[in-house]
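Asks: with the sequence up front, the predicted model follows.
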Amino acid sequence: KQEVTQIPAALSVPEGENLVLNCSFTDSAIYNLQWFRQDPGKGLTSLLLIQSSQREQTSGRLNASLDKSSGRSTLYIAASQPGDSATYLCAVAPAGGTSYGKLTFGQGTILTVHP
Amino acid sequence: NAGVTQTPKFRILKIGQSMTLQCAQDMNHNYMYWYRQDPGMGLKLIYYSVGAGITDKGEVPNGYNVSRSTTEDFPLRLELAAPSQTSVYFCASSSLGGGLDTQYFGPGTRLTVL
């Protein structure tokens, strides 16, 4: 059974810092890995999707890397801003079989960026 | 373009009551999903559907039922509500299954069972 773990559970940083969020998964047979952002009381918004054949994806100040063999992904946020404060979740999609869209989520990292 | 909509936003139920959580999407997506999120936890899949008339169980289906009569709508039914069903419920949809593309999420329904 796939298990996804995110470290740290919470992170508080001053504005302007570069930071790294970590995600690890136990079964390397994945199709892709996604990073989501969740604002308080809101739904999830997809940030980046990395296919299993890719090593990284970038969007603006966000960069996500994937090392499938070691079961790890990192989300790098450059020059953090207070507006980046949110919960960040990673989720993995299984490879093959009939597990259509059965994403397995980590528990999330709560990020606070203070001015 | 409304995306994925959910109603109601909040609901309080008494133990043993029943209710239906509504979910609709206007993106013509075939795949739809129901998740629950407990405090400090990730999302767990309750049920999913790969198209109208086709549904299947996810990781935590007990106590819930779904139907998919149209492409747009995917209601989640709670029968005999229990305190363990207190959670935030999210509906999502995607154009492709198998994790091939991203899922779009609704704003959630916060349910409390007392």
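Replies: That came through fine.
Asks: okay, the residue nearest to the spatial centre of chain B: pLDDT?
Replies: When Cα atoms, centre = their mean is applied to chain B, the residue found nearest the centroid is B:Trp34 (2.8 Å). We have a pLDDT of 96 for B:Trp34.
Asks: next up, the contacts around it.
Replies: Contacts for B:Trp34 (Cβ atoms under 8 Å, 6 or more residues apart in numbering or on different chains) come out as B:21, B:23, B:45-48, B:58, B:64, B:66, B:74, B:76, B:89-91. Every residue, glycine included, has its C-beta placed from N, CA and C.
Asks: show the buried residues in these.
Replies: With burial judged by 16 or more other Cβ atoms under 10 Å in any protein chain shown, the buried subset of the contacts of B:Trp34 is B:21, B:23, B:45-48, B:58, B:64, B:66, B:74, B:76, B:89-91.
Asks: if we check chain A, which of those residues are in contact?
Replies: The overlap between those and the neighbours of chain A (Cβ under 8 Å from any Cβ of the partner chain) comes to B:45, B:48, B:58, B:90.
Asks: show me which of the residues you listed is closest to B:Lys14.
Replies: Nearest to B:Lys14 out of these is B:Phe90 (Cβ to Cβ; 23.3 Å).
Asks: may I ask which helix or strand encompasses the closest one?
Replies: Assigned by DSSP states H and E, B:Phe90 belongs to strand B:87-94.
Asks: walk me through which strands that strand pairs with, and which way each runs.
Replies: Sheet partners assigned to strand B:87-94 using DSSP bridges are listed as strand B:31-37 (antiparallel), strand B:104-105 (antiparallel), strand B:109-113 (antiparallel).
Asks: ok, then the element right after the longest one?
Replies: Looking back up the chat, that one is strand B:31-37. Counting by DSSP H and E, the next helix or strand C-terminal to strand B:31-37 is strand B:43-51.
Asks: if we can go back for a sec, ok, the buried ones among the contacts of B:Trp34 vs A:Ser12, which is closest?
Replies: Closest to A:Ser12, out of all of these and judged by Cβ to Cβ, is B:Phe90, at 26.1 Å.
Asks: residues contacting the closest one?
Replies: The contact partners of B:Phe90, by Cβ under 8 Å, 6+ apart, come to A:43-44, B:6, B:34-37, B:43, B:105-106, B:108.
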